[in-house]
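S.K.: Quick one, structure for this:
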Amino acid sequence: RDDVSDWSSDVCSSDLEYSEMVDEFMQAVFDRWPNVVVQFEDFESSKAAPLLNKYRHKYRCFNDDIQGTGCVTLAGLIASARQAGQSLADLSFLCAGAGSAGLGVCEQIVDGMVEAGLTREEARARFVVCTSVGALGKADGTHGDPNASRGLSEERATWVNDKVSDGLSMEEVVKQFKPSVLLGLAAQPAGLFTREMIESMRSYCARPIVMPMSNPTAKAECTPAQAYEWSAGTAIVATGSPFPPYTQGDGKVLIPSQCNNMYVFPGLGLAASVAGVSEITDAMLYKAAVACVDTMTAEEIASGRTFPQLKRIREVSRKVACAVIDEALTRGLSTKISREEVPTAEDLEALVHRKMYDPVYVPLIDNRRQ
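M.R.: Below is the predicted model:
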């Protein structure tokens with residue numbers, strides 16, 4: 001129909017204008033400030049990943065909603081795996097949520113698993129991603145193939161796992177696929193992670209890892225208290241929203257960590273600025289995640305945390321920045337400093353420390369003279 005074709009033409013024209021505007025902005029900003037770091041924040045999901053892929057190898061930029069969230073989630077997983085006596089490469093996942101941002105986080109985890117030694121195919125095979133109508137699985141007709149029948153985008157099609165049937169419920173995915181991690185990225189009303197799912201995990205997994213990442217709290221896939229209760233206190237929990245500590249029946253207090261981007265993106269931006277990295281790579285994000293975990297103390301780990309206490313956030317940011325810069329120097333991606341200038345880890349940390357902004361101001365009035 002003419003009105004449909006006209007509408008389609010208007011949409012295509014609008015997309016083209018949007019793309020041209022962002023192109024013009026990026027070129028103008030880097031022409032004017034060659035050493036700037038551009039961070040994409042709160043871009044529409046359908047545009048965020050394409051823009052990141054378009055510019056990340058050309059400009060000094062990153063998308064915190066995709067890469068920052070993915071990186072900090074990766075850090076939480078590395079910390080959780082260590083607590084469970086495993087490595088990142090040992091984990092398997094049920095991911096609730098198949099939006100662009102959620103799949104971007106999963107992609108970041110896959111990148112980390114590749115850095116940890118798996119092939120990309122092996123890493124992807126460790127994921128079953130679930131939409132609102134069930135698992136992205138093999139279209140064998142068992143459950144009516146609800147995802148396949150309504151059409152899969154190219155982005156979702158890459159996450160189809162033939163080990164389960166299309167449309168399989170999350171409860172059945174847990175029983176059949178036996179994931180060690182529940183990853184909540186659905187941003188739907190609370191309660192997607194059920195007692196049945198976590199109790200099923202407990203039957204085959206000594207330390208289930210439960211990460212209800214959706215926020216605010218009204219959209220959390222479950223609460224830490226539920227995860228601890230349903231797993232008899234064995235779950236390792238990290239959340240997207242802040243939750244209070246949980247006291248077990250024996251009096252032990254478990255503290256769930258908030259898996260928040262603030263643990264990563266300040267250090268990432270600091271590194272990009274200090275070293276003038278020409279490109280923020282997947283390896284840098286992996287090193288940033290490991291650095292975040294490596295700052296944790298034995299006391300923090302014993303309390304059930306998967307991230308350091310917030311009072312040490314400046315130390316975390318410094319360590320993250322150093323790890324990213326070290327990777328940039330190793331790969332020849334630093335444009336401002338050389339390895340000769342910072343030959344040791346101590347030299348690099350001292351440099352980064354000097355470059356960090358300290359929000360302490362000299363008083364305008366000297367009270368000693370009054």
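S.K.: Nearest residue to residue 312 in space, please, no chain neighbours.
M.R.: Distances taken as C-beta to C-beta, 6 or more residues apart in numbering put residue 295 closest to residue 312, at 7.0 Å, once the chain neighbours are dropped. (Each C-beta comes from the backbone N, C-alpha and C, glycine too.)
S.K.: Report the separation between that neighbour and residue 259.
M.R.: Counting by C-beta to C-beta, to the nearest Å, the gap from residue 295 to residue 259 is 15 Å.
S.K.: of those two, who's got more company?
M.R.: Using other C-beta atoms under 10 Å as the criterion, residue 295 and residue 259 rank with residue 259 on top: 26 against 19.
S.K.: Contacts only, for that one.
M.R.: The contact partners of residue 259, taken as C-beta atoms under 8 Å, 6 or more residues apart in numbering, are 72, 73, 75, 76, 211, 213, 238, 239, 240, 306, 307.
S.K.: Contact partners for the first one?
M.R.: Okay, so that is residue 72. Per C-beta under 8 Å, 6+ apart, neighbours of residue 72: 259, 260, 261, 263, 264, 289, 292.
S.K.: how about the nearest residue to the second one, chain neighbours excluded?
M.R.: This means residue 260. Of all residues not flanking residue 260 in the chain, residue 72 sits nearest, at 6.6 Å (C-beta to C-beta, 6+ apart).
S.K.: One more: the last one?
M.R.: The shortest distance from residue 292 to any residue that is not its chain neighbour, by C-beta to C-beta, 6+ apart, is 4.2 Å, and that residue is residue 75.
S.K.: just how off-centre is the helix or strand in which that neighbour is found within its chain?
M.R.: If you go by DSSP states H and E, residue 75 is part of helix 69-83. Relative to its chain's centre, helix 69-83 lies at 8 Å (C-alpha atoms, centre = their mean, to the nearest Å).
S.K.: Over to stretch 113-130?
M.R.: A distance of 15 Å separates the centroid of the chain from that of stretch 113-130, by C-alpha atoms, centre = their mean.
S.K.: returning to that earlier point: please report the distance of the residue nearest to residue 292 from residue 93.
M.R.: According to C-beta to C-beta, residue 75 and residue 93 sit 16 Å apart.
S.K.: And residue 43, what's its pLDDT?
M.R.: Looking at residue 43, its pLDDT reads 86.
S.K.: surely it meets residue 64?
M.R.: No: with contacts counted by C-beta atoms under 8 Å, residue 43 stays clear of residue 64, the gap being 10.1 Å.
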